[in-house]
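> got a predicted structure here, sequence first:
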Amino acid sequence: MIDVAVIDDPAAAGVSLDPVRARLLAVLAVPGSATTLAAQVGLSRQKVNYHLRALERHGLVELVEERRKGNVTERIVQATAASYVISPAALAAVAPDPGRAPDQLSARWLLALAARLVREVGELIARSTKARQRLATFAVDGEIRFASAADRAAFAEELGATVNHLVAKYHDESAAGGRKHRLIVALHPSITRDTDEPAPAPAHGPTAPTEE
């Protein structure tokens, strides 16, 4: 089992979004059979088997072992990943295009950048896995509390200048054997919640920058 898998196939995305199948995927972080799963999710073994077959067809669960019990063979399966991210590639016709209206101050443009990040990193992971090569990535995740909007604006301006300086220092368009990398730096307000409001399950996946 890997930590995070990116789903880019529309059919697989549809299967994973089914509430029952999504629950089965969560439970299958630990290997189980249709019999054990039926007791956990409150369904009949036959219905669980039906959903497991659909998940297995799309590579979301895999066979771990088979156990012989009398005249019956019990199939033990497990989710192929601990968590899943659906790539915008699964909705290619309506996927956002960050090149359409670049605007550093637009939250929607930031969302389009994030969507492209998921799509490209998902494809890179698939390629590197197939080639059995390690994918070179790097990410920074942190939180900063600004005293005022003016401080936030000053920080963004200084950060932009620093990044531009580093890009100018290290970018070499004519380097033989060089390879381009995608760099994304994002800043947004942290989400605040009431103390009695349950927080959603944490999202998984790389941030930025990533190898292109």
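Here it is on my side, so go on.
> how long is stretch 53-62 from one end to the other?
Stretch 53-62 has an end-to-end distance of 10 Å (Cα to Cα, to the nearest Å).
> tell me the mean pLDDT over that stretch?
Stretch 53-62 carries an average pLDDT of 94.
> cool, and stretch 184-194?
Mean predicted lDDT for stretch 184-194 stands at 85.
> same check, this time on stretch 1-16
In this model, stretch 1-16 has a mean pLDDT of 92.
> could I get the buried residue list for it?
V4, A5, V6, I7, D8, A12, A13, V15, S16 (16 or more other Cβ atoms under 10 Å). Placement of C-beta: from N, CA and C, glycine included.
> in those residues, find the pair that's most separated.
For these, the maximum inter-member distance is 17.6 Å, found between V4 and V15 (Cβ to Cβ).
> how about the strands in this structure?
For the chain, applying DSSP state E gives strands covering 2-7, 61-69, 72-79, 81-86, 181-182, 210-211.
> got those as JSON lines, with distance to E120 columns?
Shown next, in JSON lines, are these (distance: least, Cβ to Cβ, whole Å):
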{"stretch": "strand 2-7", "distance to E120": "10"}
{"stretch": "strand 61-69", "distance to E120": "26"}
{"stretch": "strand 72-79", "distance to E120": "24"}
{"stretch": "strand 81-86", "distance to E120": "12"}
{"stretch": "strand 181-182", "distance to E120": "7"}
{"stretch": "strand 210-211", "distance to E120": "7"}
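> out of those strands, which is closest to A38?
Using Cβ to Cβ, the strands of the chain put strand 72-79 closest to A38, at 12.3 Å.
> tell me who's in contact with A90.
For A90, the residues meeting the contact criterion (Cβ atoms under 8 Å, 6 or more residues apart in numbering) are I7, D8, D9, P10, A12, A13.
> thought the fifth one was touching L60?
Yes - counting by Cβ atoms under 8 Å, A12 touches L60, with 6.5 Å between them.
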